[in-house]
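# here is the input, now give the coordinates:
(one chain, ligands or ions: 1)
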Amino acid sequence: MTDVSKKDLLYEGKAKRIYATDDPQLVVQEFKDDATAFDGEKHELISGKGYCNAQIAGLLFAHLNELKIPTHFKEMVNDNSMLIVHLDMLRVEFVVRNVAAGSISKRLGFPEGKKLAQPIVEYYYKEDALHDPMLNRNHIYVMGLSDAKTMDECEGLSLKINELLTDFFKRCGLRLVDFKLEFGTQEGKVYLGDEISPDTCRLWDMETDEKLDKDRFRRDLGGVAEMYQEVLRRVREAAGV
Ligand code: UDP
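As a prediction, this is how the structure comes out:
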């Protein structure tokens, strides 16, 4: 850990804050205990969630960096915060699915738990006021949200990250059902940004199918705080720390 002095608050989202540092190329991403779902309609504080998600995301980003995936992660600066590359974020979310669950089950009638014949990548517009609608490439180009070269790069990275994280979570005894990624650029270079945590992935225990992710909060399944601790324990063990 280095001594990074946090300066002005640049941005506050539902689960994270971004602070400036002395270096304009770098910012600090701080994870909060706030949990929200259904466009912020459901909101609770979950003690220890910020700590667990920061630690989980830090270990997963460090693992991906080692495997030559360009992520925004530099290093942890304290329990809840990490130093990251200051990115210009794409307003497109990339969802990768291996097993049907959540919105694809509702929309297409795929039974929850059905293994997909191949991974599916979907794009969503990051716009709360429109409830993050699904997009295709034509929407993205017409709306000026990105270009073909950047989209190809982000989609290729998403599929590669899916392979790497599927392997990593297997070592945690967890099935990576689906997850959401966000990308951004600095000086024309694409980086994986945001977070990877039980808030952005569906993770099911390989033996019992127990849900070890944010669906515990969304669906009132109980044991939410314990779930974050358990995922952190397994991620630490698999990372050998
Ligand atoms: N996801 C996310 N943020 C969003 C929407 C989805 O992190 O704004 C994640 C979600 O946790 C899941 C995956 O993306 O792991 C697919 O989510 P889905 O489209 O099924 O939406 P949901 O029904 O979970 O809202």
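
# hmm, Lys214 is touching Lys180, no?
No: Lys214 is not in contact with Lys180 according to Cβ atoms under 8 Å; the separation is 10.6 Å. In short, each C-beta sits where N, CA and C put it, glycine included.

# separation between Val224 and Cys52?
In this structure, Val224 lies at 11 Å from Cys52, with Cβ to Cβ, to the nearest Å as the measure.

# could you do Lys189 as well?
30 Å.

# on that earlier part again, who's more crowded, Lys214 and Lys180?
Lys214 (22 against 19; other Cβ atoms under 10 Å).

# the closest residue to that one other than its chain neighbours: neighbour count?
What sits nearest to Lys214 in space, not counting adjacent residues and going by Cβ to Cβ, 6 or more residues apart in numbering, is Asp199, at 4.8 Å. The burial metric for Asp199, expressed as a neighbour count using other Cβ under 10 Å, is 23.

# residues touching Asp199, list them.
Contacts of Asp199 were listed using Cβ atoms under 8 Å, 6 or more residues apart in numbering, and they are 15, 35, 53, 213-214.

# Gly50 too?
Contacts were defined as Cβ under 8 Å, 6+ apart; by that measure Gly50 touches 15, 30-33, 80.

# mind putting these into a markdown table with distance to Asn138, neighbour count and pLDDT?
Putting those into a markdown table (distance: Cβ to Cβ, whole Å; neighbours: other Cβ atoms under 10 Å; pLDDT from 0 to 100) gives the following:
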| residue | distance to Asn138 | neighbour count | pLDDT |
| --- | --- | --- | --- |
| Ala15 | 31 | 20 | 97 |
| Glu30 | 37 | 21 | 98 |
| Phe31 | 35 | 25 | 98 |
| Lys32 | 36 | 18 | 98 |
| Asp33 | 40 | 18 | 98 |
| Asn80 | 40 | 21 | 98 |
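
# mind listing the strands for this structure?
For the chain, strands defined by DSSP state E occupy the ranges 9-12, 16-20, 26-31, 34-37, 42-45, 73-78, 81-85, 88-99, 115-125, 134-135, 174-186, 189-192, 201-205.
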